[in-house]
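S.K.: Make a model of this:
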Amino acid sequence: KEKAEKAEAKARAAKEKLEKGRVNPGEMFRTEQYSAWDGEGLPTHDKEGKPITQSQLKKLKKLQLAQDKLHKAYLQHISDLEIYFVWVLLSSGINAEYGEKEKAEKAEAKARAAKEKLEKGRVNPGEMFRTEQYSAWDGEGLPTHDKEGKPITQSQLKKLKKLQLAQDKLHKAYLQHISDLEIYFVWVLLSSGINAEYGGTTRLVCPGGPK
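M.R.: Reported below is the predicted structural model:
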């Protein structure tokens, strides 16, 4: 019982810390408090349209840098979970018996296909157009001006919205997958008490699996 309680406390603490890193630093200031942002997601104007001062920008950059570190730790955690997800599929053969080459190959193909599909959804739809091709964006991440400073036309905007909507569906599926993995991560810790420290967070270590 004591071991299980410690495992639960550790799992909860790890999850709470990781939750803070879920927010993309490029998205953290995209709120009603501001009306315009640069390519890195830093506000350039407040909600009333007044330019952000250098002293304000310095503080915002400091906050964004701190969030960037948390976010990178979160992404590393997600990477570990995804590796484990693939490892489970490959090692279990998806309900197939061990040692059966044909079934193992099918399991591997299925795992790779699942990972490839999820990779497409990794990109946040609000970030997908933040490239050198554009110079300004609205609150939803849609471009308002091209790289030369020319306004985006309505026909162009319509196409971009369509692409963003499609990416939004893929991204939601990706986030659901990550949520499922995190729930499984906590469940494994609670049920088995397996604990290993990695980068200030709890990393899942599986016998025979990725270290």
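S.K.: CA atoms for contacts and neighbours, from now on please.
M.R.: OK.
S.K.: Can you get me a residue count around Lys58?
M.R.: Lys58 is flanked by 12 other residues according to other Cα atoms under 10 Å.
S.K.: what's the helix or strand for it?
M.R.: In this assignment (DSSP states H and E), Lys58 forms part of helix 54-92.
S.K.: what mean pLDDT would you report for that helix?
M.R.: Averaged across helix 54-92, pLDDT comes to 80.
S.K.: Make 202 the starting number, not 1.
M.R.: Yes, from this point I'll number from 202; that puts the last item at helix 255-293.
S.K.: quick one, strands of the chain?
M.R.: Listed in chain order, the strands found in the chain under DSSP state E are 235-238, 244-247, 335-338, 344-347, 398-399, 402-403.
S.K.: Could you tell me the least trusted of these?
M.R.: When the strands of the chain are compared on mean pLDDT, strand 398-399 scores lowest, with a mean of 38.
S.K.: Least confident secondary structure element in the chain?
M.R.: Every helix and strand in the chain was compared by mean pLDDT, DSSP states H and E; the lowest is strand 398-399, with a mean of 38.
S.K.: what's around the closest residue in space to Leu361 that isn't next to it in sequence, how many residues?
M.R.: For Leu361, ignoring the flanking residues on the chain, the nearest one in space by Cα to Cα, 6 or more residues apart in numbering is Leu343 at 7.2 Å. Leu343 has 21 neighbouring residues, counting by other Cα under 10 Å.
S.K.: So Leu343 sits against Phe330, correct?
M.R.: Yes: at 6.6 Å, Leu343 counts as touching Phe330 under the criterion of Cα atoms under 8 Å.
S.K.: what bits of this protein have low per-residue confidence?
M.R.: Low-confidence segments of the chain, defined by pLDDT under 70: 202-209, 212, 281-309, 312, 381-412.
S.K.: Show me where it has its helices.
M.R.: Secondary structure of the chain, counting by DSSP state H: helices at 203-221, 255-293, 302-321, 355-393.
S.K.: How about Glu241, nearest residue that isn't a chain neighbour?
M.R.: Leaving aside its chain neighbours, Glu241 sits nearest to Gly227 (5.6 Å; criterion: Cα to Cα, 6+ apart).
S.K.: Roughly how far does the one you found sit from Asp269?
M.R.: Gly227 sits 9 Å away from Asp269, going by Cα to Cα, to the nearest Å.
S.K.: And for Leu243?
M.R.: Leu243 is 13 Å from Asp269, by Cα to Cα.
S.K.: Those two: which has the busier surroundings?
M.R.: Neighbour totals were compared for Leu243 and Asp269, and Leu243 leads with 21 against 17 (other Cα under 10 Å).
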